[in-house]
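*Asks:* A structural model of the following input is requested.
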Amino acid sequence: MLKMLASACVVAATLVASQVAQAAEPENTLVITLKDGDVTIALRSDLAPQHVERIKELAREGAYDNVAFHRVIDGFMAQTGDVQYGDMEDGYDASAAGMGSSDKPDLPAEFSSEPFVRGTVGMARAQDPNSANSQFFITFGDASFLNGQYTVVGEVESGMDLVDAIKKGDEASNGSVDDPDRMVKVRVAADDN
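*Replies:* All right, here's what the predicted structure looks like:
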């Protein structure tokens, strides 16, 4: 019995260590600087390799810098990433924010069984499951009704309190935010050297 317990502890420790190692891998760590500090996201290339690659590509181009959190629904999620209409320093259009994308093609869905819980990062899309492009959202709490219908691309490792503090939108306007907060800078941790 003691041997079984010891074996179970070793297996559990190995699993935890492998998760920490994956989360700490700089190439799959996204750092979003908000007005009050950094949010660190472990990107899940094991679940959604094409979507993760797109996010890293746009981050490395600087496309996400100064992009608004255009739709923020208290208790649900904060949505951002509209690089076409959401750049608050270059071409911001409040009436169109949330309808744009990047100049890259839409991505095919990479749905998984990973649940949407507090801190999950998912790709936003239109009605077509294969329409994700540049926009993504971070969930404030359980959003299990999205499970299997949206692509999970990562989870917040640190800074969730900063995500909680993002300016909320008007519920009557589907979370549309007047004078929204923004992602000041977005980078891949591997590029910090």
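*Asks:* Can you get me a residue count around Arg60?
*Replies:* 14 (other CB atoms under 10 Å). Bear in mind the C-beta positions are built from the backbone N, C-alpha and C, glycine included.
*Asks:* likewise Met99?
*Replies:* Count around Met99 with other CB under 10 Å applied: 14.
*Asks:* do the one 10 residues further on as well
*Replies:* When neighbours are counted by other CB under 10 Å, Ala109 registers 20.
*Asks:* contacting residues for the spatially closest residue to it that is not a sequence neighbour?
*Replies:* Distances taken as CB to CB, 6 or more residues apart in numbering place Pro129 nearest to Ala109, at 4.3 Å, with adjacent residues excluded. Pro129 is in contact with Ala109, Phe111, Gln149, counting by CB atoms under 8 Å, 6 or more residues apart in numbering.
*Asks:* Closest to Ala94 out of the residues you listed?
*Replies:* Gln149 (27.8 Å; CB to CB).
*Asks:* any idea how far Tyr64 is from Met160?
*Replies:* 19 Å (CB to CB, to the nearest Å).
*Asks:* Neighbour count: those two, which is higher?
*Replies:* Neighbours per residue (other CB under 10 Å) separate Met160 from Tyr64, with Tyr64 holding more: 27 against 16.
*Asks:* Torsion angles phi and psi at the closest residue to that one other than its chain neighbours?
*Replies:* Among residues not flanking Tyr64 along the chain, Val186 sits closest, at 3.8 Å (CB to CB, 6+ apart). When read as degrees, to the nearest 10, the backbone of Val186 gives phi -130, psi 130.
*Asks:* partners of Val186 in the sheet?
*Replies:* Ile32 (DSSP bridges).
*Asks:* Was I right to think Val177 contacts Gly169?
*Replies:* Yes - at 4.0 Å, Val177 counts as touching Gly169 under the criterion of CB atoms under 8 Å.
*Asks:* Overlap in contacts, the two.
*Replies:* Contacts common to Val177 and Gly169, judged by CB under 8 Å, 6+ apart, are Arg71, Val72.
*Asks:* lowest-confidence helix or strand of the protein?
*Replies:* None of the helices or strands of the chain scores lower by mean pLDDT, DSSP states H and E than helix 2-24, at a mean of 43.
*Asks:* now Pro115: how far from Asp93?
*Replies:* Counting by CB to CB, the separation of Pro115 from Asp93 is 34 Å.
*Asks:* Return the per-residue confidence for the residue lying closest to Gly37 once chain neighbours are set aside.
*Replies:* Setting aside the residues directly before and after it, Gly37 is nearest to Leu162 in space (CB to CB, 6+ apart), at 5.4 Å. With respect to pLDDT, Leu162 scores 98.
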